[in-house]
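Novice: everything below, folded, please.
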Amino acid sequence: METINTALCSSGLSGIVFHAPFIDLHPGFKLAGSWERSKKLIQEHYPDVKSYPSLEALLADDQVILVVVNTPTYTHYDYTKQALLADKHVVVEKAFTTTVAEAEHLKELAQKQGKKLSVYHNRRWDSDFKTVKKIVKEGLLGDIVEAEFQLQKYKPTLSHKQHVEVPSPGAGTLNNLGPHLIDQALHLFGMPNAIFADIRITRLRSQVDDYFELILYYDKLRVKLKASFLVREPAPGYIIHGTKGSFLKSRADKQEEYLVAGMKPNTLDWYTEPESEYGLLHTEKDTKVIREKVKSSQGSYLGYYDAVYKSIVNNQPIAVTAEDGINVMRIIEAAIKSSNEQKVIALL
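Specialist: Down below sits the predicted model:
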């Protein structure tokens, strides 16, 4: 089996939690190491890998085939560009970049260099979203007329991550959490015709947006995307209504929680939701009205890296393309314009 030596641009939370465990687990990847600036952490978790003193040193390593750009969003364009020019394939964290223009340029550069470029929209492999996708694709609700995806928490205190809370390109909840919801919506329903957005600051002392509500307009469908940090009692994370029925599903995937706790994704039941989190399906089937719980699909971010491997080694289509990342950026830019001007913005 061909091995893809992979290096991270950071060994912080993103690297240790979301990337390294799955790179290490997949038989087709080998973790080469990580670029580390001050704290040298990568070898505490993976003793046999390298700690690169600079990005230049990482990119100069001829053994490295794939680079994971998992640094703050405002660095994504520059670091991804450097990696592509160094003849590396690249996985870049969400949000792809800070502007549509930057994202489009990286896509063009990857094509010119003949390299694979993918955005890490790992939430497509959440157990809850995979369950929703299955219900929608099987047509169990008929024609979808309304959908609502929400990320709700009660977290009145601000994050300790300065790049998230200080006003700068790529900061704020729309750029941080928005890509998860936006990509899930686009993955299911495609690009909308127009968008309306309400983006606000709701928490004391917050300097960047910490609330948003987006309405995506399709021909016969409306999709609402919402995130808030002041919700003690959340509604279902997914609410979908169609011409035949409805599906309600909690946002219950705990892969992140388990990974932060140090658990490894190497069990056969990773990640399986408990029965208490099964979604509620209320629809018509074979002329009969049914109302029943639906067993959740199994989630695993390993699926993302397996798709990356097959793309690089077997030249299969990339599961999350640069164009997917560009479309998310188009929604974000249009949402900011809509909120500022308080009007619907056409996209198509």
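Novice: how far off centre is stretch 136-152?
Specialist: Chain-centre distance of stretch 136-152: 19 Å, with CA atoms, centre = their mean, to the nearest Å.
Novice: please renumber so the chain begins at 47
Specialist: New numbering, starting at 47: the last item is stretch 182-198.
Novice: which residues does it contact?
Specialist: 181, 223, 226-227, 230-231, 234-235, 266-274, 277, 280-293, 297, 327, 329, 331 (CB atoms under 8 Å, 6 or more residues apart in numbering). Glycine gets a C-beta too; all of them are placed from N, C-alpha and C.
Novice: what of stretch 354-364?
Specialist: Stretch 354-364 is contacted from outside by 48, 50, 72, 74-75, 111-112, 135, 137, 162-164, 353, 365, using CB under 8 Å, 6+ apart.
Novice: quick one: average confidence on that stretch?
Specialist: Mean pLDDT, stretch 354-364: 96.
Novice: ok, now stretch 71-80?
Specialist: Here the average pLDDT along stretch 71-80 is 97.
Novice: gap between the two ends of that stretch?
Specialist: Stretch 71-80 has an end-to-end distance of 17 Å (CA to CA, to the nearest Å).
Novice: which one of the contacts of stretch 354-364 is nearest to Thr177?
Specialist: Nearest to Thr177 out of the contacts of stretch 354-364 is Ala365 (CB to CB; 18.2 Å).
Novice: got a list of what the nearest residue to the closest one once chain neighbours are set aside touches?
Specialist: Leaving aside its chain neighbours, Ala365 sits nearest to Ala353 (3.5 Å; criterion: CB to CB, 6 or more residues apart in numbering). By CB under 8 Å, 6+ apart, Ala353 lies in contact with 362, 364-366.
Novice: helix or strand: which one has Ala353?
Specialist: For Ala353, the host element (DSSP states H and E) is helix 348-360.
Novice: which positions in stretch 191-205 come out as buried?
Specialist: By neighbour count on 16 or more other CB atoms under 10 Å, the buried set for stretch 191-205 is 193-198, 204.
Novice: quick one: low-confidence ranges for the stretch 247-394 of the chain?
Specialist: The stretch 247-394 of the chain contains no residues with pLDDT under 70.
Novice: which parts of it are strands?
Specialist: 257-263, 268-274, 284-288, 292-295, 325-331, 334-340, 391-392 (DSSP state E, counting those that start in this stretch).
Novice: could you point out the longest strand in this structure?
Specialist: Identified as the longest strand of the chain according to DSSP state E is strand 190-198.
Novice: what lines up beside that one in the sheet?
Specialist: Strand 190-198 has the following sheet partners, assigned by DSSP bridges: strand 268-274 (parallel), strand 284-288 (antiparallel).
Novice: quick one, helices of this structure?
Specialist: Under the criterion DSSP state H, the chain carries helices at the ranges 59, 66-71, 88-91, 101-106, 122-131, 146-159, 173-183, 208-211, 219-222, 224-235, 301-306, 348-360, 368-387.
Novice: output these as CSV; include the columns distance to Glu319.
Specialist: Shown next, in CSV, are the helices of the chain (distance: least, CB to CB, whole Å):
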stretch, distance to Glu319
helix 59, 23
helix 66-71, 19
helix 88-91, 27
helix 101-106, 37
helix 122-131, 32
helix 146-159, 33
helix 173-183, 5
helix 208-211, 28
helix 219-222, 24
helix 224-235, 17
helix 301-306, 10
helix 348-360, 16
helix 368-387, 26
